[in-house]
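J.: prediction below, plus the sequence it came from.
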Amino acid sequence: MLKRVFDFVFSFCFLILLLPLFLLISILIIINSQGPVFYLQSRVGKSNVDFKIFKFRSMYVASDKSSFITIGNRDPRITSVGYYIRKYKLDDLPQLINVLLGNMSFVGPRPEVRKYVELYSAEQLKVLTVKPGITDYASIQYSNENEILASSSNPNKEYIEVVMPAKLQLNLKYIKEQSFFTDVKILYLTFLKILRH
């Protein structure tokens with residue numbers, strides 16, 4: 001209950017405070033390429049239920065049809081404005097809307113697309129017992145995931161066999177340790193990571 005109150009109050013406040021930034025990013029996206037400002041994608045949330053996640057559109061329209069994985073910061077599907085939106089992690093800001101709506105939290109396992117969730121083991125499926133979040137241990141440790149995959153000869157295989165299992169292990173660690181103070185620690189570490197980036 002405390003977590004939901006925290007999520008609701010702070011997501012509402014941040015959405016109000018960041019409204020000028022939202023408007024600026026929206027204008028830049030509209031000027032830079034054709035298509036909507038927001039990119040909505042189906043992700044798997046708590047209790048294995050799909051929901052639509054909000055992101056600022058950083059790619060050309062329909063670019064996700066070829067692959068869900070982004071390879072490196074210079075993926076040709078990424079727009080010129082999208083490059084900077086991704087570099088400074090601004091594309092995830094609209095997920096504050098998801099937090100306000102209640103299908104995400106500030107802290108929790110990052111929600112995955114159904115294609116990859118279908119590959120989870122029974123143990124890995126435990127990550128779906130909690131609400132997904134904007135940040136978590138895995139987000140911090142794999143903040144350079146795009147670069148890792150860019151150096152692989154087979155990015156999809158690398159993600160499925162190496163990156164995804166490692167991230168899920170960190171998600172399970174979070175579930176075992178979850179508490180209000182753990183969430184505060186992860187938010188603090190995320191903030192430090194962004195500043196250093």
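T.: That came through, no problem. Numbers count the residues shown, from 1 in each chain.
J.: stretch 5-18: which residues count as buried?
T.: Residues of stretch 5-18 classed as buried: 6-7, 11, 15, 18 (neighbour count, 16 or more other C-beta atoms under 10 Å). C-betas here are computed from N, CA, C, even on glycine.
J.: now it: mean pLDDT?
T.: Average pLDDT, stretch 5-18: 97.
J.: can you tell me which two in the buried residues of stretch 5-18 are farthest apart?
T.: The distance between the two most remote of the buried residues of stretch 5-18 (C-beta to C-beta) is 17.4 Å, for Phe6 and Leu18.
J.: so which of the buried residues of stretch 5-18 is the closest to Leu172?
T.: The closest of the buried residues of stretch 5-18 to Leu172 turns out to be Asp7 (C-beta to C-beta; 21.6 Å).
J.: next SSE after the helix or strand that contains that closest one?
T.: According to DSSP states H and E, Asp7 maps onto helix 2-17. Once the chain leaves helix 2-17, the next helix or strand it forms, by DSSP H and E, is helix 19-32.
J.: who are the packing partners of that next one?
T.: Packing partners of helix 19-32 (3 or more C-beta pairs under 8 Å, 6 or more residues apart in numbering; DSSP states H and E): strand 50-56, helix 80-87.
J.: for Asn32, which of the ones you listed is the nearest?
T.: Proximity to Asn32, assessed across these by C-beta to C-beta, is greatest for helix 80-87 (4.0 Å).
J.: against which helices or strands is that closest one packed?
T.: If you count contacts as 3+ C-beta pairs under 8 Å, 6+ apart, helix 80-87 packs onto helix 19-32.
J.: which parts of the helix it packs on are buried?
T.: Of all the residues in helix 19-32, those buried under the rule 16+ other C-beta under 10 Å are 22, 25-26, 28-29.
J.: for the closest residue to Tyr142 other than its chain neighbours, which residues are in contact?
T.: Once flanking residues are discounted, Tyr142 sits nearest to Lys167: 6.0 Å by C-beta to C-beta, 6 or more residues apart in numbering. By C-beta atoms under 8 Å, 6 or more residues apart in numbering, the contact list for Lys167 reads 110, 138, 141-142.
J.: no further questions, thank you.
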